[in-house]
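Enquirer: Output the structure for:
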Amino acid sequence: MQFITIQNEIGETIAINPKQISQVCYNHNKTVLIFVGKQIIHTKFTDLLSAIRYIEQAVQDRIMAGHRERDIEDLWRTWGDI
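Expert: This is a model prediction of the structure:
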């Protein structure tokens, strides 16, 4: 299981399993929602394309790091602050 981090609407950094994302959509409050299983995550994103690009890049970076512990720690520092 490979997690990525994302900030919710109140700025908390949370980890999600991108394989469980079922839907990403723009809601009426002009924010992006991510559906993970039965949970709905209200994000700080205000642009659907930016959210999708972020998720895709975070997943790609996580895959490239593989299981190298140092690379994974560096990714947590980088992506965890966004």
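Enquirer: Which residue ranges of this protein form strands?
Expert: Here the chain has its strands, by DSSP state E, at 4-7, 13-16, 21-26, 32-36, 39-42.
Enquirer: could you say what helices and strands the first one packs with?
Expert: Using 3 or more CB pairs under 8 Å, 6 or more residues apart in numbering; DSSP states H and E as the contact test, the elements touching strand 4-7 are strand 13-16, helix 48-65, helix 69-80. All C-beta spots, glycine's among them, are computed from the backbone N, C-alpha and C.
Enquirer: Ranked by average pLDDT, which of the ones you listed falls at the bottom?
Expert: For these, the bottom mean pLDDT is recorded on helix 69-80, which sits at a mean of 64.
Enquirer: Counting neighbours, what do you get for residue 23?
Expert: Neighbour count for residue 23, taken as other CB atoms under 10 Å: 9.
Enquirer: Find me whatever residue is spatially closest to it, sequence neighbours aside.
Expert: Taking CB to CB, 6 or more residues apart in numbering, and ignoring the residues beside it in sequence, residue 23 has residue 35 as its nearest neighbour in space, at 4.1 Å.
Enquirer: and that neighbour, what does it touch?
Expert: 21, 22, 23, 24, 25, 41 (CB atoms under 8 Å, 6 or more residues apart in numbering).
Enquirer: let's go with 7 Å and repeat that
Expert: With contact taken as CB atoms under 7 Å, 6 or more residues apart in numbering, residue 35 is in contact with 21, 22, 23.
Enquirer: now swap in residue 11 and tell me
Expert: Residues in contact with residue 11, defined by CB under 7 Å, 6+ apart, are residue 44.
Enquirer: follow-up on the earlier one: specify the beta-bridge partners of the residue nearest to residue 23.
Expert: For residue 35, the beta-bridge partners are residue 23, residue 40 (DSSP bridges).
Enquirer: From residue 48, how far out is it?
Expert: In this view, residue 35 and residue 48 are 13 Å apart by CB to CB, to the nearest Å.
Enquirer: Equivalent analysis for residue 58, please.
Expert: Remark: distance between residue 58 and residue 48 (CB to CB) = 16 Å.
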